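**Q** Turn this into a structure:
(one chain, ligands or ions: 1)
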Amino acid sequence: MAQLIDGKAVAARVRAEVKAEVDRLRAEKGLVPGLAVVRVGEDPASKTYVSGKKKAAEEVGFLSWEHHRDSTVSQDELLALVRRLNEDPAVHGVLVQLPLPRHIDPDVIISAVRPEKDVDGFHPLNAGNLVLGRPATRACTPLGVMRLLEEIGCEPAGKRAVVVGRSNIVGKPMALMLLQRNATVTLCHSKSDLPSEVSRADILVVAAGVRELVKGAWIKPGAVVIDVGMNRKEEDGKLVGDVEFQAAAERASFITPVPGGVGPMTIAMLIRNTLEAAVRGLGPSSA
Ligand SMILES: Nc1nc(=O)c2c([nH]1)NC[C@@H]1CN(c3ccc(C(=O)N[C@@H](CCC(=O)O)C(=O)O)cc3)C=[N+]21
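**A** This is a model prediction of the structure:
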């Protein structure tokens, strides 16, 4: 039976680390990190996530602002807001909650955020620097997964890592981070021969957005299974992942639950990225 990876507990520890650093920055430099979150429309999931981000920001002693706009806001109006936040010296991190309404091109908005303030790590400059293995702000969810692997003492070097799902916000950066740590990485589309790909994984990360897509019987005995999926069941409103949890747990050595696995880590890493953006803003060697 697999050991559970307690993302909630690790995330709380990350936030405590950040809080200690924020207290020191405030005392020594008079600096308080600031996070601005932009939310458009009335998507209930976005509302929940944004309030989670705001709560975490306040818990660690950041300043935080939520800028809410109606779903009818124009792309130009949203761009103007992003530019204002880019110029605001109290704001160290700018996050535009996705998804955006259909009449707004998310690439245009994401590219407008100053790369130094892009705490999501979605800006093409940060994404490109990740590809090149250069310093960059890294996407929060895969960064959180890397931290979970570290916590359980899982060393990626030389292991076969399989990532299911190729999104720009999870799958692709996840594969690159594992590659950077010298894993042998396979990045799969959900149309791949998943049973055969998954069965070779020492480290399996699933971010496909399809409820219980990965069956327990496919898991290699002893594998580390990281489930990034978040699917709300029609029947009872409960969250389930992209992995058939019970059956997978019988074969895996470690597995993340949903909820309480990767989700809380995403927010904790956003908080970390914002702290780092604030410290970078002080200029070289002044931290
Ligand atoms: N610009 C942008 N950046 C994001 O980082 C971003 C985004 N847009 N759009 C949506 C996704 C989703 N996301 C989650 C964050 C926390 C949990 C989380 O804390 N989940 C809890 C459960 C929450 C619940 O019960 O609903 C858990 O897994 O334990 C989940 C999902 C960030 N996203």
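
**Q** May I see the buried residues of the helix of greatest length in the chain?
**A** Longest helix of the chain, by residue count under DSSP state H: helix 7-29. Within helix 7-29, the residues that count as buried by 16 or more other C-beta atoms under 10 Å are 7, 10, 11, 14, 15, 18, 19, 21, 22, 25. Where you see a C-beta, it was placed from the backbone N, CA and C, and this is true even at glycine.

**Q** near the ligand, which of those show up?
**A** Near the ligand, taking C-beta under 6 Å from any ligand atom as the test, no member of the buried residues of helix 7-29 is found.

**Q** Which one of those is nearest to residue 255?
**A** Distances from the buried residues of helix 7-29 to residue 255 were compared by C-beta to C-beta; the smallest belongs to residue 7, at 11.0 Å.

**Q** quick one: low-confidence parts of the stretch 51-200 of the chain?
**A** Applying pLDDT under 70 to the stretch 51-200 of the chain flags no residue at all.

**Q** what does this protein put close to the ligand?
**A** 48-49, 52, 95-98, 120, 140, 230, 239, 258-260, 263-264, 266-267.

**Q** Buried members of those into PyMOL, please.
**A** Selection of buried members from those for PyMOL, criterion 16+ other C-beta under 10 Å:
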select buried, resi 49+95+96+97+120+140+230+258+260+263+264+266+267
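
**Q** Tell me how far the closest residue to residue 70 other than its chain neighbours lies from residue 101.
**A** Spatial nearest neighbour of residue 70, excluding adjacent residues (C-beta to C-beta, 6 or more residues apart in numbering): residue 41 at 7.1 Å. Relative to residue 101, residue 41 is positioned 6 Å away (C-beta to C-beta, to the nearest Å).

**Q** Could you tell me which residues touch both of the two?
**A** residue 71 (C-beta atoms under 8 Å, 6 or more residues apart in numbering).

**Q** so where do the strands sit in the stretch 1-150 of the chain?
**A** Using DSSP state E, counting those that start in this stretch, the strands found in the stretch 1-150 of the chain span residues 3-4, 34-40, 63-69, 93-96.

**Q** nearest to residue 166, of those strands?
**A** With C-beta to C-beta as the criterion, residue 166 lies closest to strand 93-96 of these, at 21.7 Å.

**Q** what packs against that closest one?
**A** Secondary-structure packing of strand 93-96 (3 or more C-beta pairs under 8 Å, 6 or more residues apart in numbering; DSSP states H and E): strand 34-40, helix 75-87, helix 106-112, helix 262-281.
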